[in-house]
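**Student:** coordinates only, no sequence provided:
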């Protein structure tokens, strides 16, 4: 666990009473529209001390490649909010984003890789 | 990469996701806010209701850089916009069919057909004997003859895996020859 430097007093043991939409400045959708539930992200080394706790929780999930859907599930956050927060973190250089999952699948090689992988498991 | 697991309510989508996933199936939520339009709302109060839609999903690691995610669609057909997000860029879909209620899977068949998304229909043999022939099921679901129809047991890992394999084969077969 990280040791947080606390600089405010609006947080209680039971958690904060700040609605998540405040943390994303009311944004309702990510600017990067290629973000998808299955998009993989990973945390980049960066100084996180100025980040809100909710953002740091996301980064803590991303020590290895992980999908946006998994982050949402582990943190019990709605997907859209998770997606917007991931987008914010990416814009600010805290996260790297893997290849988008939703390009048109016309890649024979990729499908053959999946097929071979499935037959192996 | 994504695979969508669709089908009517109670056709075994969650079971299938769980049987092949390498992690215990996760549930993620989407909160919807919608204006309620109550036709019999005599007070004329227009409130906002929020609904939570749960999505089950699982994952299968194919290689170092390819991970397959299986997403079960929400049981209620009215959440089409979530289907849109799930289906976009997906390898394809497995439409589960419950022979006791063939009709419940028709909206899913129709959805993927209209959008040209590769899919296979998998008849879930949850409940033993299937009273219908393949022809009868195809006719009931208006399945195109090019769409593979297979029998599976969503509880069985090997069987669910086979459905996935059929789907990927089908998707491959639909690619243009010059890839």
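**Tutor:** On my side now, so go ahead. Since the model is a prediction, treat every value here as computed from it, not as a measurement.
**Student:** residue 63: what's it in contact with?
**Tutor:** I'll assume chain A. By Cβ atoms under 8 Å, 6 or more residues apart in numbering or on different chains, residue A:63 lies in contact with A:42, A:43. Quick note: C-beta positions are derived from backbone N, CA and C, even for glycine.
**Student:** hm, I was asking about chain B
**Tutor:** The contact partners of residue B:63, by Cβ under 8 Å, 6+ apart, come to A:113, A:117.
**Student:** quick check, it in a strand?
**Tutor:** No - read with DSSP: H, G, I helix; E, B strand; the rest coil, residue B:63 is coil and lies in no strand.
**Student:** pull the number of nearby residues for residue A:108.
**Tutor:** Residues lying near residue A:108 (other Cβ atoms under 10 Å in any protein chain shown) number 15.
**Student:** doesn't residue B:175 make contact with it?
**Tutor:** Yes - here residue A:108 reaches residue B:175: they are 5.6 Å apart, a contact under Cβ atoms under 8 Å.
**Student:** mind telling me what element the residue nearest the centre of chain A is part of?
**Tutor:** Compute the mean C-alpha point of chain A, and by Cα atoms, centre = their mean the closest residue is residue A:86, 3.9 Å away. Using DSSP states H and E, residue A:86 sits in helix A:79-91.
**Student:** now stretch A:75-86: mean pLDDT?
**Tutor:** For stretch A:75-86, mean pLDDT rounds to 91.
**Student:** kindly apply the preceding question to stretch A:19-37 instead.
**Tutor:** Stretch A:19-37 shows a mean pLDDT of 80.
**Student:** and it, does that touch chain B?
**Tutor:** Yes - judged by Cβ under 8 Å from any Cβ of the partner chain, stretch A:19-37 and chain B are in contact via A:36, A:37.
**Student:** okay, now residue B:13: neighbour count?
**Tutor:** Counted with other Cβ under 10 Å, the neighbours of residue B:13 add up to 27.
**Student:** and for residue A:113?
**Tutor:** Residues within reach of residue A:113, counting by other Cβ under 10 Å, total 17.
**Student:** doesn't residue B:65 make contact with it?
**Tutor:** No - if you go by Cβ under 8 Å, residue A:113 and residue B:65 don't touch, sitting 9.2 Å apart.
**Student:** one step back: which ones are touching the residue nearest to the centre of chain A?
**Tutor:** Listed by Cβ under 8 Å, 6+ apart, the contact partners of residue A:86 are A:30, A:35, A:39, A:41, A:58, A:68, A:71, A:95.
**Student:** how about the fourth one, phi and psi?
**Tutor:** I take that to be residue A:41. Main-chain torsions, residue A:41, degrees, to the nearest 10: phi -130, psi 160.
**Student:** near chain B, which residues of chain A are found?
**Tutor:** Checking chain A against chain B by Cβ under 8 Å from any Cβ, the hits are A:36-38, A:40, A:65, A:67, A:69-70, A:72-74, A:76, A:78-80, A:98, A:100-108, A:110-115, A:117-119, A:121.
**Student:** which of those residues fall within helices?
**Tutor:** If you go by DSSP state H, the residues of chain A next to chain B have A:69-70, A:72-74, A:79-80, A:108, A:110-115, A:117-119 in helices.
**Student:** which among the contacts of residue A:86 count as buried?
**Tutor:** Among these, those classed as buried by neighbour count (16 or more other Cβ atoms under 10 Å in any protein chain shown) are A:30, A:35, A:39, A:41, A:58, A:68, A:71, A:95.
**Student:** leaving out sequence neighbours, find the closest residue to the fourth one.
**Tutor:** Pointing back at residue A:41 there. Among residues not flanking residue A:41 along the chain, residue A:95 sits closest, at 4.9 Å (Cβ to Cβ, 6 or more residues apart in numbering or on different chains).
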